[in-house]
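**Q** model this:
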Amino acid sequence: SWSESVAEGLLVSRYVLSGNGRITVDYYDENDDKQRISGQRVYAGTLVEVDGEANIFWDVESDDGMIVLTPNYEEGGKLLLVGGALAVFCAGLIIGSGNL
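**A** Reported below is the predicted structural model:
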């Protein structure tokens with residue numbers, strides 16, 4: 001079991017690749033009242049989308065665990081850093097191979 005938080009203004013998607021379980025979502029409605037969706041079942045092939053400030057609690061029920069994919073990458077800064085480092089590394093390989 002685990003939990004995750006969704007920041008205000010974000011839309012997150014989670015795809016259950018394998019396994020099954022239940023999720024509970026705590027969120028705020030349009031009147032800023034805290035609401036809860038509890039015990040919603042998820043199976044392989046389920047797409048979960050949460051829009052806005054919320055907490056998602058995942059409870060795994062299958063013995064083999066659950067694999068959940070994140071189709072969109074929410075941490076764009078880290079992705080940009082890794083992409084830049086990979087580009088520099090590849091450029092170094094190309095320049096270094098020219099001396100052979």
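
**Q** Spatially central residue (nearest the centroid) of the chain, please.
**A** Centroid-nearest residue in the chain, with C-alpha atoms, centre = their mean: Thr70, separated by 3.7 Å.

**Q** That one against Leu10, yeah?
**A** No - Thr70 is not in contact with Leu10 according to C-beta atoms under 8 Å; the separation is 12.0 Å. Glycine gets a C-beta too; all of them are placed from N, C-alpha and C.

**Q** and the residue nearest to the centre of the chain, how far is that from Asp26?
**A** To Asp26, Thr70 is 20 Å away according to C-beta to C-beta, to the nearest Å.

**Q** Ok, Gly92 next?
**A** Distance of Gly92 to Asp26, computed by C-beta to C-beta: 47 Å.

**Q** Give me the more crowded residue out of the two.
**A** Using other C-beta atoms under 10 Å, the more surrounded residue of Gly92 and Asp26 is Asp26, with 16 against 10.

**Q** In contact with the more buried one, which residues?
**A** Shown in contact with Asp26 (C-beta atoms under 8 Å, 6 or more residues apart in numbering): Lys34, Gln35, Arg36, Ala54, Asn55, Phe57.

**Q** ok, 10 Å please
**A** Under the criterion of C-beta atoms under 10 Å, 6 or more residues apart in numbering, the neighbours of Asp26 are Ser3, Ser5, Lys34, Gln35, Arg36, Ile37, Ser38, Glu53, Ala54, Asn55, Ile56, Phe57.
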